[in-house]
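Enquirer: need a 3D model of the sequence below.
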Amino acid sequence: MRVVSGIQPTGGLHLGNLLGAILRWVRMQEEAECLFFLADLHALTVDVDPLQLRANVREMAAALIASGIDPARSTLFAQSAVPAHAELAWILQCTARMGWLNRMTQFKDKSGKNRESSSVGLFTYPVLQAADVLVYRATHVPVGEDQKQHIELARDIALKFNNDFDTELFVAPEPFIGGGTAARVMSLRDGSAKMSKSDPSEQSRIALTDSDDAIAQKVRKAKTDPEPLPDDPALLDGRPEAKNLVGILAALSDESVEAVLARFAGQGFGAFKPVLAEAMIATVAPIRTRLEQLRQDEAAIDAILAAGAERAAGLAAPTLAGAYRAVGLRA
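Expert: Next up is the predicted model:
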C-alpha cells in the first residue's frame, strides 16, 4: 500500500491542522509506504510573497517533523522539487474534461463572486492534485469530506487515460481509511466555523507555537454555554461550542466522545476546561520545543527535503515516462 498526501505551506499551523491531518499522517507511517509533500505549486493559485513562500516550506517541513513525521520512514519533500508533478499535470489536463472541473465545488467556494478574475490555476488545480497522486501510482489517499470530489476526479482521469491509450499505467486510488480518525476542529470563538489561521482573532485557535500560558488562557476564554455537559453525545447537537470542546478532548486523549462525557456528565465547563487545557499543553509543548530546535538549522531541513525529493523523483520517473510513451511523445 502506497499513500500520498500533500499540505499547503501556509505557515501558522494550529491544533486543527494537527488533529485534522498531521497526527493521522504520523500514524499512517506504521501502516503504509508514505509520501508527504509540501504543496508549494498549489500555493501559487493565489497571490504569494516569494520569500514568504520559501520560508513557509521550511517552516512546514520543520513542523511536520516536530509532530512526528519521520524522514527515515516517510518521503518528505517539496512538490516543486519534483518536476514530474507539473509535467504529468499538463498531460492529464488534456485528459480531464471541462464538465468534470465545472462540478468541483471548491473552485466555486474559493472564487466566490470573483470567478472571472480568478487564476486559471485555481480552476485546474484539481488536475494537478490528480497528478500528485497518479505519478506515484498511489493506492490510497487520505482525504476529508471536502476533498472526496478530488479523489473521484483522480480516479476518473486515471480510468479515462488508461482506456484512451489502452494501458494500465495509472492506478485508480482509493480513500485511505486507516491512520485513525481525523478530528474536525472548530474555532474556539465560533463552534460553527473551522479553526483557521485566517480568522482575525488569535483567540480562535491554538497555534503550535503557543506557550503553555497562552494555551491555558485561550481555553479559559473559549466560548461555551451555561448548560452542564450531558451523558449522551446526541444531546450536544445544537450546542456547537460544547460539541467542539468535547471532540477536541476526545481526540487529544484518544477516547471516544462517549467516554469523555461519562467523565464529565452533569458538570459545567469550570471543571472541564482545566482538563482540556492540560491535554492541549501535553500535546503541543513537546512539538513546540522540537520545532524551536529544528528552526535553528535550516541547512538540515533543506537536506531532508532534498533527499526526499530525490527519492520521490526516482519513484515518479517511470510513471511519467510511461505517460509520455502512451501519448506518443516518446518511443
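Enquirer: name the helix or strand of the protein that has the lowest mean pLDDT.
Expert: Taking mean pLDDT, DSSP states H and E as the measure, helix 105-111 is the helix or strand of the chain with the lowest mean score, a mean of 73.
Enquirer: tell me which residues are up against that one.
Expert: Residues outside helix 105-111 that contact it (Cβ atoms under 8 Å, 6 or more residues apart in numbering): 101, 115, 118, 122-123, 126, 146, 149-150. In short, each C-beta sits where N, CA and C put it, glycine included.
Enquirer: same question, stretch 37-47
Expert: 4-10, 53, 56-57, 60-61, 76-80, 82, 85-86, 119, 121-122, 125, 128-129, 132, 305, 312.
Enquirer: out of the contacts of helix 105-111, which are buried?
Expert: Among the contacts of helix 105-111, those classed as buried by 16 or more other Cβ atoms under 10 Å are 101, 122-123, 126, 149-150.
Enquirer: Serialize those residues to CSV and add fields for pLDDT and distance to P318.
Expert: Putting the buried ones among the contacts of helix 105-111 into CSV (pLDDT from 0 to 100; distance: Cβ to Cβ, whole Å) gives the following:
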residue, pLDDT, distance to P318
L101, 92, 28
L122, 87, 31
F123, 90, 30
P126, 94, 24
Q149, 84, 28
H150, 86, 24
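Enquirer: which of those residues fall within helices?
Expert: Here DSSP state H is the test, and the buried ones among the contacts of helix 105-111 give 101, 122-123, 126, 149-150 as lying in helices.
Enquirer: re earlier: for the least confident helix or strand of the chain, C-alpha coordinates in CSV please.
Expert: Taking Å, rounded to 0.1, in the frame of the first residue of the first chain, the C-alpha atoms of helix 105-111 are listed here in CSV:
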residue,chain,number,x,y,z
THR,A,105,-17.3,22.8,-5.5
GLN,A,106,-14.1,24.1,-4.1
PHE,A,107,-13.5,26.4,-7.1
LYS,A,108,-16.9,27.9,-6.6
ASP,A,109,-16.3,28.4,-2.9
LYS,A,110,-12.8,29.9,-3.3
SER,A,111,-13.6,32.1,-6.3
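Enquirer: that helix: how far from the chain's middle?
Expert: Distance of helix 105-111 from the chain centroid (Cα atoms, centre = their mean, to the nearest Å) equals 18 Å.
Enquirer: now it: buried residues?
Expert: For helix 105-111, a neighbour-count test (16+ other Cβ under 10 Å) marks 107, 110 as buried.
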